[in-house]
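Novice: Could you look at this predicted model? Sequence included:
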Amino acid sequence: MRLSLLDRSRTRAGMPEASALAHSVDRAVAAEELGYHRFWVAEHHAVPGIASGSPAVLLAAIGQRTARIRLGSGGVMLPNHRPLVVAEQFLMLEALTPGRVDLGLGRSLGFTAPVRGALGRTEASTAQFADEVAEVRALLEGTAALTARPVTASPPPLHLLATGAGLELAARLGLGVVLGGPVLAADDLGERLDGYRRAFRSHRGSAPHVMLSLDLLVADTDAEARELALSEVWAMVASRRTGAFPPLEDPLSIRSGERTTRESAQLESGLATAWAGSPGTLRPRVERLLERSRADEILAAGAAFDRAALADSDQRAMALLG
């Protein structure tokens, strides 16, 4: 079982936003030392709680500080870009860090109407997305009508951030998939993934590959892990009220702050389902998920206000699943 990290460059209350990017780079260096397989970064636009809007730029910086760990995107939101630009960016990364680059593609648009308008895209149909994924791959592989540069010895492998229709597309194109969120709790998760594997059409020797993205946080005790998860869960609760995903707050200020009855219920519900706990609690839970899904890889995506505690969690996760 391979273990990888997804870092969203979460901003933190009272800290400069640029420090979130520096922390992403430092976390990647530590992840390589711990033996993680991949380190992926995210793309979000005009979101107060996330500093990373350009995965390729951040990956270039990380590539200069690392030597072995695979680098990629979780993901580049293809509707926001022209396929040629995406291909050129990741071919450049491949040229700078040969053999270490992955390209994860997603279909999500900006969170709000103003962001979608600024990005110039208001819809992304399944058919459009499929055509654009195929175009990106052709440009990476040098089979398109024009040649994207720089030309590299091998193209970065593609992965799709997928749910229903995404699984079908990934199978048809012979791509790996990344699943996360509520779909992991679906009763038919195993059936969906079995269908993906049965329908998979190999492309240049590709094979089905399933990554599961979990907001994984590990600590000595369940109570300590829940405290680590509090900041991220509260950000999700607050976003429902404000319409904006905020920076991580100190758990102490969250505990002492005022909340409505509904917000308190949402907070407790989020903490109850979070992938946060002691090794003894998490190991059987993760094992059950792996049995249902037969996944090839876990993409740990946890975030916490306390950076030192997050680093400790990253180390504990390797011991838990490594």
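Specialist: Now that the structure is in, tell me what you want to look at.
Novice: Roughly how far does residue 231 sit from residue 16?
Specialist: From residue 231 across to residue 16, the span is 18 Å (CB to CB, to the nearest Å). For glycine as for every other residue, the C-beta is placed from the backbone atoms N, C-alpha and C.
Novice: Oh, that last question was meant for residue 167, not what I typed.
Specialist: Using CB to CB, residue 167 is found at 40 Å from residue 16.
Novice: Also residue 255?
Specialist: Distance from residue 255 to residue 16, by CB to CB: 25 Å.
Novice: Quick one: neighbours of the residue nearest to residue 8 when sequence neighbours are not counted, just the number.
Specialist: Spatially, and ignoring its direct neighbours in sequence, residue 8 is nearest to residue 42 (4.4 Å; CB to CB, 6 or more residues apart in numbering). Applying other CB atoms under 10 Å, we find 25 residues neighbouring residue 42.
Novice: and what of residue 63?
Specialist: For residue 63, using other CB under 10 Å, the count is 19.
Novice: re earlier: more neighbours, residue 167 and residue 16?
Specialist: Per other CB under 10 Å, whichever of residue 167 and residue 16 has more neighbours is residue 167, with 22 against 11.
Novice: Give me the contact list for the one helix or strand residue 317 maps to.
Specialist: Assigned by DSSP states H and E, residue 317 falls within helix 307-321. Residues from elsewhere that reach helix 307-321, judged by CB atoms under 8 Å, 6 or more residues apart in numbering: 1, 3, 5, 23, 27, 30-31, 34-36, 216-219, 225, 228, 279, 282-283, 286, 298, 300, 302-304.
Novice: Give the rounded mean pLDDT of it.
Specialist: Mean pLDDT, computed over helix 307-321, is 95.
Novice: cool, stretch 182-197 as well?
Specialist: Here stretch 182-197 scores 94 as its mean pLDDT.
Novice: Identify each buried residue in that stretch, please.
Specialist: 183, 184, 189, 192, 193, 196 (16 or more other CB atoms under 10 Å).
Novice: Go ahead and confirm the fourth one touches residue 177.
Specialist: This means residue 192. No: judged on CB atoms under 8 Å, residue 192 makes no contact with residue 177 at a distance of 9.9 Å.
Novice: Show me the common contact partners of the two, please.
Specialist: residue 167.
Novice: From residue 201, how far out is residue 195?
Specialist: Distance from residue 195 to residue 201, by CB to CB: 13 Å.
Novice: Find residues that contact each of those two.
Specialist: By CB under 8 Å, 6+ apart, the residues touching both residue 195 and residue 201 are residue 171.
Novice: contacting residues around the worst-scoring helix or strand of the chain on mean pLDDT?
Specialist: With mean pLDDT, DSSP states H and E as the measure, the helix or strand of the chain carrying the lowest mean pLDDT is helix 113-119 (a mean of 87). Outside helix 113-119, the residues that touch it by CB under 8 Å, 6+ apart are 45, 46, 79, 80, 109, 110, 122.
Novice: mind running it again at 7 Å?
Specialist: Outside of helix 113-119, the residues within contact range by CB atoms under 7 Å, 6 or more residues apart in numbering are 45, 46, 80, 109, 110, 122.
Novice: just stretch 281-297 next, same as before
Specialist: So stretch 281-297 is contacted by 2, 4, 37, 184, 189-190, 193, 209-212, 218, 222, 275, 320-321 (CB under 7 Å, 6+ apart).
Novice: ok, now with 6 Å
Specialist: With contact meaning CB atoms under 6 Å, 6 or more residues apart in numbering, stretch 281-297 is reached by 2, 189, 190, 193, 209, 210, 211, 212, 222, 320.
Novice: got it, and stretch 54-61?
Specialist: 25, 41, 43, 52, 71, 73, 76, 89, 93.
Novice: what about 10 Å?
Specialist: 7, 9, 21-22, 24-25, 28, 39-45, 51-52, 66, 71-77, 85-86, 88-90, 92-93, 96-97, 100-104 (CB atoms under 10 Å, 6 or more residues apart in numbering).
Novice: thinking again about what came up before, these two touch, right, the residue nearest to residue 8 and residue 52?
Specialist: Yes: using CB atoms under 10 Å, residue 42 is in contact with residue 52, at 5.3 Å.
Novice: overlap in contacts of those two?
Specialist: Both residue 42 and residue 52 are contacted by 7, 8, 9, 10, 24, 58, 73, under the criterion CB under 10 Å, 6+ apart.
Novice: okay if I get those as CSV plus secondary structure?
Specialist: Converted to CSV, these look like this (DSSP: H, G, I helix; E, B strand; the rest coil):
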residue, secondary structure
7, strand
8, coil
9, coil
10, strand
24, helix
58, helix
73, strand
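Novice: Quick check: the two most widely separated of those?
Specialist: Within these, two members stand farthest from each other by CB to CB: 10 and 73, at 16.4 Å.
Novice: which one of these two has more residues nearby?
Specialist: Neighbour totals were compared for residue 10 and residue 73, and residue 73 leads with 29 against 24 (other CB under 10 Å).
Novice: The more buried one bridge partners, please.
Specialist: Here residue 73 sits in beta bridges with residue 41, as judged by DSSP bridges.
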